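Asks: dropping a prediction and its sequence here:
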Amino acid sequence: MTQPLVAVFADESCLGNGREGQNPGGAGVLIEFARPTGDIVRRDLWISEPATTNNRMALRSVIEACSALSSKGSRCRVVFTTDSRYIVDGMSTWVHDWAKRGWRRKTGAIENVELWRAAVEAAASHDIMWRWVKGHAGHIQNEYANDLAVRGATDQSESGGLVPSEFDLWRTTLAVSRRAKHLEPFPQPEAFRAGRPLPRM
C-alpha cells in the first residue's frame, strides 16, 4: 500500500529571542492532506513555552508535527517546509555527523541535543523531504504557520493536537491578502524525494 503523502508547513516564534530574561515562544504547523477527489484537507497545530528560543521551538515543530502524524498509526511521505535553515540543514546533514560521534560536535556539546534526538526519533517514523522557503516573503502557508506560532507565543496557548484549520477564513482577511501572495500547490507524488534515512536512536 502506498504511503499517504502529506504537506507540512512549520514556523516558530520567540518574543524577545536572544534578549535577557524569560522569552515566551510558540511553534505553528499547518498540515495538508489530499483526498482521492483532489480536495485538500487542512489541520492546524500550535504549541507554546513560557521561556524558550527560536531554535527550541523550531525543533519542537518537527517533534509535534511528526508525532501527530504517527498517532494515526501510519508511515507517511512528508514534504516538510520551513523557513528555518537550522531545521533543514540539521535534519539533512548535521544529525548524521553528530550521531557518528556519539551525539557530540567536533568542538564539543550540541546545543538542544535532547530536542535534536527527540526530533530524529519522531521524524524517523516517516519518509521526509526537507524543504526551505524564505520567511516573510509572501508564501501563504508559511505566513499562516507563522501566525499560529505567534498566537501560541503571545497567548501561551496550545491546540492540544491536530484541530480543524482556520486557514481558509484567515486567508480572506485584507491584511493577509496584502502580505501572502503565493499559495503552494499540493506536492506531486512523482516529485517526492525523501531525505537520507535518519540515524537510529
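Replies: That came through, no problem.

Asks: show me the contacts for Ser13.
Replies: Neighbouring residues of Ser13 by CB atoms under 8 Å, 6 or more residues apart in numbering: Gly25, Gly26, Ala27, Gly28, Asn54, Met57, Asn146, Ala149, Val150, Gly152, Ala153. C-beta here means a position set from N, CA and C on the backbone, and glycine is covered the same way.

Asks: if we use 6 Å, what do you get?
Replies: By CB atoms under 6 Å, 6 or more residues apart in numbering, Ser13 lies in contact with Gly25, Gly26, Ala149, Val150, Ala153.

Asks: in a strand, it, correct?
Replies: Yes - checked against DSSP: H, G, I helix; E, B strand; the rest coil, Ser13 lies within a strand.

Asks: nearest residue to it in space, please, no chain neighbours.
Replies: Ala149 (4.0 Å; CB to CB, 6 or more residues apart in numbering).

Asks: you'd agree the one you found is up against Gly28?
Replies: Yes - between Ala149 and Gly28 there is a contact at 3.7 Å, judged by CB atoms under 6 Å.

Asks: more crowded one of the two?
Replies: Gly28 (30 against 27; other CB atoms under 10 Å).

Asks: can you give me the helices in this protein?
Replies: In the chain, the helices defined using DSSP state H lie at 54-70, 85-89, 95-100, 113-123, 140-155, 167-171, 174-179.

Asks: before we move on, the earlier item: return the member of the contacts of Ser13 nearest to Phe80.
Replies: Using CB to CB, Ala149 comes nearest to Phe80 of those, at 15.2 Å.

Asks: need the contact list for the closest one.
Replies: Counted by CB under 6 Å, 6+ apart, Ala149 has contacts Asp11, Glu12, Ser13, Gly26, Ala27, Gly28.

Asks: tell me which two of those residues sit farthest apart.
Replies: Asp11 and Gly26 (9.2 Å).

Asks: show me what the residue nearest to Thr52 when sequence neighbours are not counted is bridged to.
Replies: Spatial nearest neighbour of Thr52, excluding adjacent residues (CB to CB, 6+ apart): Gly25 at 3.9 Å. Beta-bridge partners recorded for Gly25 (DSSP bridges): Cys14, Glu49.
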